[in-house]
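Engineer: Model the following, please.
(2 chains, ligands or ions: 4)
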2 protein chains.
Amino acid sequence: MSKPCIICVAITGSVATKENNPAVPITVAEQLESIHESFEAGAAIAHCHVRNDDGTPSSDPEKFARLGEGIRKHCPGMIVQFSTGGRSGAGAARGGMLPLSPDMASLSVGSNNFPTRVYENPPDLVDWLAGEMRTYHVKPEIEAFDLSHIHQAVAMNRDGRIPGRLYVQFVMGVKNAMPVDRDVFDYYRKTIARLAPEADWCAAGIGRHQLTVNEWCIAEGGHTRT
Amino acid sequence: MSKPCIICVAITGSVATKENNPAVPITVAEQLESIHESFEAGAAIAHCHVRNDDGTPSSDPEKFARLGEGIRKHCPGMIVQFSTGGRSGAGAARGGMLPLSPDMASLSVGSNNFPTRVYENPPDLVDWLAGEMRTYHVKPEIEAFDLSHIHQAVAMNRDGRIPGRLYVQFVMGVKNAMPVDRDVFDYYRKTIARLAPEADWCAAGIGRHQLTVNEWCIAEGGHTRT
Ligand SMILES: [Zn+2]
Ligand SMILES: [Zn+2]
Ligand SMILES: [Zn+2]
Ligand SMILES: [Zn+2]
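Structural biologist: Ligands and ions are numbered 1, 2, ... in the order given. The predicted model follows:
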């Protein structure tokens, strides 16, 4: 029996700006319009970052609140996922929107390199974010930038820090982190099947690799991120 | 045809102190005595950290110089490997002993979590350390705390940042990094065989896992760290 394929749409991310692509939605109104189009095209999850008016990354809970309300109103049934990623703020500011109780939020459980810096997710911050997610009934999407992050998510699932069924996203193609590599993709799937067979998984290929990774996901029964 | 198994001895590390184990060698004289015993028992590589007199980690080039000279004198032919690990200093201080031209030095090419903090190896520091190793003809031992670190080492080998034959050490069993896991150990080996078949590899299991990982290495034709 095949599971439905969940399409997760990340309309904005935290890096691209209007200078890279004038179509990048920046204001909450632009983001809502874009999410609504994706919803009508079949996307089930809206992965949300917010931006300051000048396009720089923000983690302002008030902006997240307006975006979440807009999605609930215009895209009924769509799953709202807020990013707690480190490009939008530092330390506890990254979880300042969790009391809004979005359906889901991204959660990194380990650290790794990014193109020009360390993506820092120290153990105490990871535990605090996971605790906030339990408090506000937010389901984490684990962002696995490397293999040990899957092992760490499984350990946190087993000891109760991440309750319920794991939802893991493999992130590939970020410079200085894990490249897009079919053998690694297959080993990630095998690791999930071995350690957490109930878990859902999806994968994201960054930039020009996006469609390749989408195809792998759909062919192998995973969910997918656009 | 079987390759000789290289035994690498890490007599001190950077964490254990006299309070944990009165036998931990701290002064350069104590370290030399311990390395000499290992040398007579068959160890080929001395993996060296240095300590301050109070036992805390140091990266003092003068201490490294005395240790290196002592090894050359008392253990002729033994390979001297200095640690550039992040417990002993921050930023460029981690490479301050490389102008001494030890035979080898450890090199981390990615970041990951440690028990209570982020092990930070930002891309520009990694490139600087690799450059110093090229300048002073120091062969790096890549410390792979996660799978992407192997991919990164291969990429740096291909583009010339790490010249020659790769020497990779898999590090397993550090809390919040990669656990000791036989399936991962085998996948690490397969990844080396696929991407850098000429490379040498060894593995280190931390603390109580040390002997398990030593046995895996010896059985599978890798080098080993004690
Ligand atoms: Zn997703
Ligand atoms: Zn995101
Ligand atoms: Zn070694
Ligand atoms: Zn060491």
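
Engineer: which residues in chain A form helices?
Structural biologist: Along chain A, counting by DSSP state H, helices occupy A:28-40, A:61-74, A:123-135, A:147-158, A:182-195, A:210-219.

Engineer: Which strands and helices lie in contact with the fifth one?
Structural biologist: When contacts are defined as 3 or more CB pairs under 8 Å, 6 or more residues apart in numbering or on different chains; DSSP states H and E, helix A:182-195 sits against helix A:147-158, strand A:167-172, strand A:200-205, helix A:210-219, helix B:182-195. In short, each C-beta sits where N, CA and C put it, glycine included.

Engineer: rerun at 7 Å
Structural biologist: Secondary structure elements in contact with helix A:182-195, counted by 3 or more CB pairs under 7 Å, 6 or more residues apart in numbering or on different chains; DSSP states H and E, are helix A:147-158, strand A:167-172, strand A:200-205, helix B:182-195.

Engineer: Turn the helices of chain A into a markdown table, columns for mean pLDDT, mean neighbour count and distance to B:Phe39.
Structural biologist: Formatted as a markdown table, the entries for the helices of chain A read as follows, by pLDDT from 0 to 100; neighbours: other CB atoms under 10 Å in any protein chain shown; distance: least, CB to CB, whole Å:
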| stretch | mean pLDDT | mean neighbour count | distance to B:Phe39 |
| --- | --- | --- | --- |
| helix A:28-40 | 91 | 18 | 64 |
| helix A:61-74 | 95 | 18 | 61 |
| helix A:123-135 | 98 | 17 | 38 |
| helix A:147-158 | 98 | 23 | 34 |
| helix A:182-195 | 98 | 17 | 39 |
| helix A:210-219 | 90 | 16 | 50 |
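
Engineer: hang on, the earlier thing: and the helices and strands packed on helix A:182-195: which comes nearest B:Gly77?
Structural biologist: B:Gly77 lies closest to helix B:182-195 among these, at 26.6 Å (CB to CB).

Engineer: What is the distance between that closest one and the centre of its chain?
Structural biologist: Taking CA atoms, centre = their mean, to the nearest Å, the mean C-alpha location of helix B:182-195 is offset from the chain mean by 19 Å.

Engineer: what do you get for stretch A:76-90?
Structural biologist: 7 Å.

Engineer: and that stretch, how far apart are its ends?
Structural biologist: Between the opening and closing residues of stretch A:76-90 we find a distance of 32 Å, counting by CA to CA, to the nearest Å.

Engineer: ditto for stretch A:19-38
Structural biologist: 23 Å.

Engineer: close to ligand 1, is it?
Structural biologist: No. Legend: contact between stretch A:19-38 and ligand 1 by CB under 5 Å from the ion is lacking; minimum distance shown is 12.8 Å.

Engineer: Residues of chain A that sit close to ligand 1?
Structural biologist: A:Cys8, A:Gln169, A:Cys202, A:Arg225.

Engineer: repeat that for 8 Å
Structural biologist: For chain A, the residues in contact with ligand 1 under the definition CB under 8 Å from the ion are A:6, A:8, A:10, A:45, A:47, A:81, A:141, A:167, A:169, A:202, A:204, A:223-225.

Engineer: For the residue nearest the centre of chain A, give the beta-bridge partners.
Structural biologist: In chain A, the C-alpha closest to the average C-alpha coordinate belongs to A:Ser106, at a distance of 4.3 Å (CA atoms, centre = their mean). Legend: beta-bridge partners of A:Ser106 under DSSP bridges are A:Glu141.

Engineer: Surely it is in contact with A:Gly85?
Structural biologist: Yes. A:Ser106 lies in contact with A:Gly85 (CB atoms under 7 Å); the separation is 5.9 Å.

Engineer: By proximity to ligand 3, which residue of chain A wins?
Structural biologist: Taking CB to the ion as the measure, chain A has A:Ser148 as its residue closest to ligand 3, at 19.8 Å.

Engineer: so who does that residue touch?
Structural biologist: A:Gly110, B:Asn112, B:Asp146, B:Ala177, B:Met178 (CB atoms under 7 Å, 6 or more residues apart in numbering or on different chains).

Engineer: and those near ligand 3, which?
Structural biologist: With the criterion set as CB under 8 Å from the ion, no member of those is near ligand 3.

Engineer: I'd like the residues you listed written out as a markdown table, with neighbour count and pLDDT added.
Structural biologist: Converted to a markdown table, the contacts of A:Ser148 look like this (neighbours: other CB atoms under 10 Å in any protein chain shown; pLDDT from 0 to 100):
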| residue | neighbour count | pLDDT |
| --- | --- | --- |
| A:Gly110 | 30 | 98 |
| B:Asn112 | 29 | 98 |
| B:Asp146 | 29 | 98 |
| B:Ala177 | 22 | 98 |
| B:Met178 | 26 | 98 |
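
Engineer: Closest one to ligand 1 out of these, please.
Structural biologist: Relative to ligand 1, the closest of the contacts of A:Ser148 is A:Gly110; by CB to the ion it sits at 17.8 Å.

Engineer: Pull up the gap between the closest one and B:Trp128, please.
Structural biologist: Counting by CB to CB, to the nearest Å, the separation of A:Gly110 from B:Trp128 is 24 Å.

Engineer: Quick check: A:Val171 touching A:Phe145?
Structural biologist: Yes. Taking CB under 7 Å as the definition, A:Val171 is a contact partner of A:Phe145 at 5.0 Å.

Engineer: what touches both of these two?
Structural biologist: Taking CB under 7 Å, 6+ apart as the contact criterion, A:Val171 and A:Phe145 have no common neighbours.
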